[in-house]
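Colleague: Show me the folded form of this:
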Amino acid sequence: HRPGASARRRGEKRGSEDQAIGRSRGGLSTKIHMAVRGLGCPVRFTLTAGQKGDAPQAAALIEGLSAGVVMADAAYDAD
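Modeller: Numbers count the residues shown, from 1 in each chain. The predicted structure is shown next:
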């Protein structure tokens, strides 16, 4: 078994998971998930491949941050 062989079988290049680059019919894509203060000043961000879901990123973005209100796109809706 060669390192990265299973990733290449799925159509990914070696190391693509670490680079947050996704591949779809439309081409390469990346999503930026960001937590900001009230006036839009960035506090924390993460990058994921474009085909990854938004909701799994929500908890990590707001963990440990104090906030009276959290506003987010509907795609971040999670328990």
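
Colleague: buried residues in the helix or strand where residue 23 lies?
Modeller: In the assignment (DSSP states H and E), residue 23 maps to strand 22-24. For strand 22-24, the neighbour count (16 or more other CB atoms under 10 Å) marks 22, 23 as buried. The way it works is simple: take the backbone N, C-alpha and C, and place the C-beta from them, glycine included.

Colleague: same check, this time on stretch 32-45
Modeller: Buried residues in stretch 32-45, defined by neighbour count with 16+ other CB under 10 Å: 33, 35.

Colleague: got it, and stretch 44-57?
Modeller: Neighbour counts over stretch 44-57 (16+ other CB under 10 Å) mark 48, 49, 54, 57 as buried.

Colleague: Can you measure across stretch 66-74, start residue to end residue?
Modeller: From its first residue to its last, stretch 66-74 covers 21 Å (CA to CA, to the nearest Å).

Colleague: re the thing from before, between the buried residues of stretch 44-57, which sits nearest residue 36?
Modeller: Distances from residue 36 to the buried residues of stretch 44-57, taken as CB to CB, are shortest for residue 57 (14.2 Å).

Colleague: Return, as residue ranges, the portions of this structure with sub-threshold pLDDT.
Modeller: Filtered on pLDDT under 70, the chain yields the residue ranges 1-18, 78-79.

Colleague: the longest helix in it is where?
Modeller: The helix that spans the most residues within the chain, counting by DSSP state H, is helix 55-62.

Colleague: what's near enough to touch the closest residue to residue 50 other than its chain neighbours?
Modeller: Leaving aside its sequence neighbours, residue 50 sits nearest to residue 29 (CB to CB, 6 or more residues apart in numbering; 2.8 Å). Residues in contact with residue 29 (CB atoms under 8 Å, 6 or more residues apart in numbering) are 21, 22, 23, 49, 50, 51.
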